[in-house]
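S.K.: Give me the fold of what follows.
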Amino acid sequence: MVHFRGINLSLCCLCIFFLLTNATNTTSDRESLTEVTFVTGFPTQKTLIWGMHVVPPFAFYDSTKTGNAQFTGLVPELAALLEPVLNVKFTFVLGAPSTPENEEAVLSTLDIEKDANDLPPGVTKAHLAGGGIHVSANRSLAVRFSTPFFETGYRLVVAVPPISHDPLSFGAPFHDLLWLVVAIEILLISVAIYFMEAPAASFSQESDLADGQIAGMWDSLYMACTFMLGTADKAPKTWGGKMALLAHGWFMLIIIASYTANLASFLVMGALTPSVSGWADVTSSGGKLSLALPRGGTQESFLAWEEHHYGYKFNVTWTTTMAEAYDLVATGAADATFDDEAIAQYYLLKQVADPCALMAVGRTFHTVFYGLAFALDDMDFIPFSEAIVLLRETGAVSKLATKYQVGAGGEKAEADQVAQCAGGSNSGVLVVEDFWGLIGIIAGVLAFSFAIHVAERYGGGAK
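M.R.: Sure thing, here's the model as predicted:
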């Protein structure tokens, strides 16, 4: 009985070993889902038609040229990097000649249900599509996307507010309460100096303060102010007075350094403070703030999602292109628009007619990804995804972003543009209107000094 059990156990082990071996061989002999392998690319070089979604700076189109030379930008350069990795050559065509910015129209050229003859005139059936095409869950039901090669988010764009001039703008770096503290400190120091230095109130008979109670108090205030400004012509004689002015000098050193450090930014940025500062202002307005957006982009589906899930109300003027939406905002026909940050950065820096007419505000919202799109039955998205991961890991994509000043590569250029447009006349130059308050204060002090001079001259001199 035991012998038969041992034989049965041995047979079972042999069967299991045979099944595992057969399964392994079957798996190794199975054909891959695509004829491309990441290591070697296509076995023989192929030429693929790339339907280009035109959206600067990711893809530019020049109709005066022919062939692939018609297309330039970040994505055509990315394609050039993909060619040797995948052993392919790309032929670029306009994804949608009539509406090259429309993502849905470009994706329609990948429709596996359509024959090439069923496409609109001028439209070429493509093997893949790319440009600034957003990866989304809904679109993934109709096409297959590669791993994203770029990540960004929406950014709100508004008109630069009219330049306003505040005659007291020189005081903006400090709160009113801080100015009051500075004034009180000066008065307290002047009182301390008077009681320590004035001959009428101090044990010391050697003093730079004028004789007389009133004259001595004014002289102590003068000493405190001139010491603060570095124009002192009087000095304390007692050690108490010296210590008081030492503390006063330390306090004023910090105050003046803080004021100087903040004055420039307040004068420059104060003129560029729009009424709409971010996406939260739009959603909380209940439709009072108007938007301008193009049809056929993911902005339309994003607003529908926001309305359905959060109950927000939007007042939208729909346009054909994004450039038209920007124009409506610049002319005041709409309060704001929003676009992918990378595209908005480029447009505001390079393409808008008046670089000081529009500005991006707030932080990015609703993260979006750019990917390459393939037909639903095309498994080539797998090796393309692996190649994109390689290019991202080696920093090639980051270098392209820096070259075209998009994303992190465009932040410095955006800041420089804002600084250039700030100030009194949209030229980066401050004007006299920003300093009328300071000029008035100086004029008042001069008038007061002349009044004192007249009193001294015709009233018998200083007492």
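
S.K.: From now on I want contacts and neighbour counts done on CA atoms only, so please keep to that.
M.R.: Noted.

S.K.: So Pro162: helix, strand or coil?
M.R.: coil (DSSP: H, G, I helix; E, B strand; the rest coil).

S.K.: So for it, what pLDDT did the model give?
M.R.: For Pro162, the pLDDT comes out at 71.

S.K.: And for it, the neighbour number?
M.R.: 13 (other C-alpha atoms under 10 Å).

S.K.: measure it to Ala336 for me?
M.R.: Computed as C-alpha to C-alpha, to the nearest Å, the Pro162 to Ala336 distance reads 15 Å.

S.K.: and if you look at Leu86?
M.R.: For Leu86, the distance to Ala336 - C-alpha to C-alpha - is 42 Å.

S.K.: neighbour count winner among these two?
M.R.: Higher neighbour count among Leu86 and Ala336: Ala336, with 28 against 22, using other C-alpha under 10 Å.

S.K.: Just the pLDDT at the closest residue to Gly73 other than its chain neighbours, thanks.
M.R.: Leaving out its chain neighbours, the residue that sits closest to Gly73 by C-alpha to C-alpha, 6 or more residues apart in numbering is Ala59, at 4.6 Å. On pLDDT, Ala59 comes in at 95.

S.K.: next one: Ala79
M.R.: 97.

S.K.: Assumed it was part of a strand.
M.R.: No: when three-state DSSP is applied, Ala79 is found to be helix, with no strand at that position.

S.K.: Tell me who's in contact with it.
M.R.: Residues near Ala79 by C-alpha atoms under 8 Å, 6 or more residues apart in numbering: Phe90.

S.K.: cool, and the one 4 residues further on?
M.R.: Remark: with contacts taken as C-alpha under 8 Å, 6+ apart, Glu83 is in contact with Lys89, Phe90.

S.K.: what's the helix or strand for it?
M.R.: helix 74-86 (DSSP states H and E).

S.K.: Next, the buried residues of that helix.
M.R.: Leu74, Val75, Pro76, Leu78, Ala79, Leu81, Leu82, Glu83, Val85, Leu86 (16 or more other C-alpha atoms under 10 Å).

S.K.: got the contact list for Ser290?
M.R.: Counted by C-alpha under 8 Å, 6+ apart, Ser290 has contacts Phe314, Asn315, Val316, Thr317, Ala334, Asp335, Ala336.

S.K.: meant to ask about Gln45, not that
M.R.: Counted by C-alpha under 8 Å, 6+ apart, Gln45 has contacts Asn87, Val88, Lys89.

S.K.: got it, and Gln70?
M.R.: Gln70 neighbours (C-alpha under 8 Å, 6+ apart): Phe60, Tyr61, Asp62, Ser63, Thr64.

S.K.: And the buried ones among those, selectable in ChimeraX?
M.R.: Per 16+ other C-alpha under 10 Å, the buried members of the contacts of Gln70 correspond to this ChimeraX selection:
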select :60,61
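
S.K.: Out of the contacts of Gln70, name the ones that lie in strands.
M.R.: Of the contacts of Gln70, the ones assigned to strands by DSSP state E are Phe60, Tyr61.

S.K.: can you give me the helices in this structure?
M.R.: Using DSSP state H, the helices of the chain run over 2-29, 74-86, 103-107, 176-197, 213-229, 239-269, 279-284, 298-310, 322-330, 341-346, 381-393, 396-403, 411-421, 436-458.

S.K.: Buried residues of the third one, list them for me.
M.R.: What it means is helix 103-107. Buried residues in helix 103-107 (16+ other C-alpha under 10 Å): Glu103, Glu104, Ala105, Val106, Leu107.

S.K.: Can you pull out the low-pLDDT segments for the stretch 251-400 of the chain?
M.R.: Along the stretch 251-400 of the chain, segments meeting pLDDT under 70 span 264-273.

S.K.: Scan the protein for its longest strand.
M.R.: Per DSSP E, the chain has its longest strand at strand 358-370.

S.K.: what's that one packed up against?
M.R.: strand 150-159, helix 341-346 (3 or more C-alpha pairs under 8 Å, 6 or more residues apart in numbering; DSSP states H and E).

S.K.: Deepest in the core, which of the ones you listed is it.
M.R.: Greatest average neighbour count among these goes to helix 341-346 (a mean of 25), per mean count of other C-alpha atoms under 10 Å.

S.K.: gap between it and the chain center?
M.R.: 9 Å (C-alpha atoms, centre = their mean, to the nearest Å).

S.K.: List the contacts of it.
M.R.: 55-57, 152-155, 157, 338, 360, 364, 404-407, 410, 414.

S.K.: Contacts only, for Glu307.
M.R.: Lys313, Phe314.

S.K.: Redo the helices and strands packed on strand 358-370 as JSON lines? Include distance to Pro294.
M.R.: Listed next are the helices and strands packed on strand 358-370 as JSON lines, based on distance: least, C-alpha to C-alpha, whole Å:
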{"stretch": "strand 150-159", "distance to Pro294": "14"}
{"stretch": "helix 341-346", "distance to Pro294": "14"}
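
S.K.: and of those, who's closest to Ile256?
M.R.: strand 150-159 (34.9 Å; C-alpha to C-alpha).

S.K.: ok, and what's touching the closest one?
M.R.: Against strand 150-159 from outside (C-alpha under 8 Å, 6+ apart): 274, 276, 278-279, 329-330, 332, 335-342, 344, 357-371, 397, 407.
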